[in-house]
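S.K.: build me a structure from this.
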Amino acid sequence: MNAHFLTSERRQWRAQRVSRGAFTLVELLVVIAIVSLLLVFLVVGAGKLKQQVRLTESMQHQRAITTAFLAYFIDNSGKFAGVDTGVRRHDWVASSVAGNTENGLEVESALTTGALWDYVGDLRVYKSPLDPHSTAQRLRSYSLNGFLASTETAAFWGGPPSAQVMDRMSKVVHPAETLCCVSEYDYRGYNHNGWSIMGNFSYIWIDRLQNWNPGFWEFSYMDGHTEPFRHESNQTDIDYYMNLEEPSFFFETPDYKWLVLHLYPGQDW
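M.R.: Predicted coordinates for the structure are as follows:
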């Protein structure tokens, strides 16, 4: 066998080894595409996980507020704290003198002088981690069920006769179905009064719920449990209606009926 043939064969063998060990351009592009796709999945997954952690924390805040509400009831001869804001001395949240507002660090006393402060004791509990507004814009993300009100507010809510407003636990006939704490967005920039909608199935909304947790609202109930609620309305409608800068508005949705029935379960509407 001549030397020229051996040298040629050796070169060919080396070339095959090199070609097998390197990426072609197509292979390199495929690898880059796969890595990019994995990074996208990682980022999306991390975002969903972060959202879930914030949702869990928000519901923990609502549970803490509900626990405080029930503790106040125990310590005050079976009477609830007021669910309004600064109207009566026993309201769960007070209000600043200037404009009855709570938007800003300078009016933290709106929370610290409220009836539930001694039971909550932490300003962070009043703010949802899902709330995109800064604390300087909105000091509080949560409101309480307006039907847990004192009798003076019953007519305003378009609700039941004043004698039947749930101002005592004995009138809360279905605690596990009765809303206590909700995440509210008030177009005025601060959450004013309790949270409620007209209870006569007119589809008139007085107050609105948050729209910063797409697809869900979160609630706590009078038995102390919390859970997210998947609304039937599409998110586009929620984003529109929950941001209307009007005192009240018409929005016909199955979620309205569910809310009415859980604001005051057992009431014959």
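S.K.: just the CA coordinates of stretch 73-83, formatted as CSV?
M.R.: C-alpha atoms of stretch 73-83 as CSV (Å, rounded to 0.1, in the frame of the first residue of the first chain):
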residue,chain,number,x,y,z
PHE,A,73,-67.2,41.4,67.8
ILE,A,74,-66.2,39.1,70.7
ASP,A,75,-64.6,41.9,72.7
ASN,A,76,-67.6,44.3,72.2
SER,A,77,-70.6,42.5,73.4
GLY,A,78,-71.4,40.9,70.1
LYS,A,79,-71.4,44.1,68.1
PHE,A,80,-69.5,44.5,64.8
ALA,A,81,-67.1,47.3,64.0
GLY,A,82,-68.6,49.7,61.6
VAL,A,83,-67.8,48.9,58.0
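S.K.: quick check: pLDDT value at Arg14.
M.R.: As predicted, Arg14 sits at a pLDDT of 57.
S.K.: centre of the chain versus the strand or helix carrying Ser36, how much separation?
M.R.: Take DSSP states H and E as the rule and Ser36 turns out to sit in helix 25-75. Put simply, helix 25-75 sits 13 Å off its chain's centre (Cα atoms, centre = their mean, to the nearest Å).
S.K.: in terms of secondary structure, what does it contact?
M.R.: helix 117-120, strand 142-144, strand 179-183, strand 216-221, strand 226-230 (3 or more Cβ pairs under 8 Å, 6 or more residues apart in numbering; DSSP states H and E). Bear in mind the C-beta positions are built from the backbone N, C-alpha and C, glycine included.
S.K.: and Ser150, what pLDDT?
M.R.: Ser150 is assigned a pLDDT of 57 by the prediction.
S.K.: if we can go back for a sec, the helix or strand following the helix holding Ser36 - contacts with which helices or strands?
M.R.: Counting by DSSP H and E, the element after helix 25-75 in chain order, helix or strand, is strand 82-85. Where contact means 3+ Cβ pairs under 8 Å, 6+ apart, strand 82-85 is packed against strand 91-93.
S.K.: one step back: out of the helices and strands packed on helix 25-75, nearest to Leu263?
M.R.: For the helices and strands packed on helix 25-75, proximity to Leu263 was assessed by Cβ to Cβ; strand 179-183 is nearest, at 5.8 Å.
S.K.: give the pairing partners of the closest one; include direction for each.
M.R.: For strand 179-183, the pairing partners within the sheet under DSSP bridges are strand 142-144 (antiparallel), strand 216-221 (antiparallel).
S.K.: hang on, the earlier thing: dump the helices and strands packed on helix 25-75 into TSV; add mean neighbour count and distance to Gln60 as well.
M.R.: Shown next, in TSV, are those (neighbours: other Cβ atoms under 10 Å; distance: least, Cβ to Cβ, whole Å):
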stretch	mean neighbour count	distance to Gln60
helix 117-120	17	12
strand 142-144	28	12
strand 179-183	26	11
strand 216-221	22	10
strand 226-230	14	8
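S.K.: need the ones you listed in CSV (columns: distance to Gly86 and mean pLDDT).
M.R.: Formatted as CSV, the helices and strands packed on helix 25-75 follow (distance: least, Cβ to Cβ, whole Å; pLDDT from 0 to 100):
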stretch, distance to Gly86, mean pLDDT
helix 117-120, 13, 96
strand 142-144, 13, 94
strand 179-183, 18, 96
strand 216-221, 22, 96
strand 226-230, 26, 94
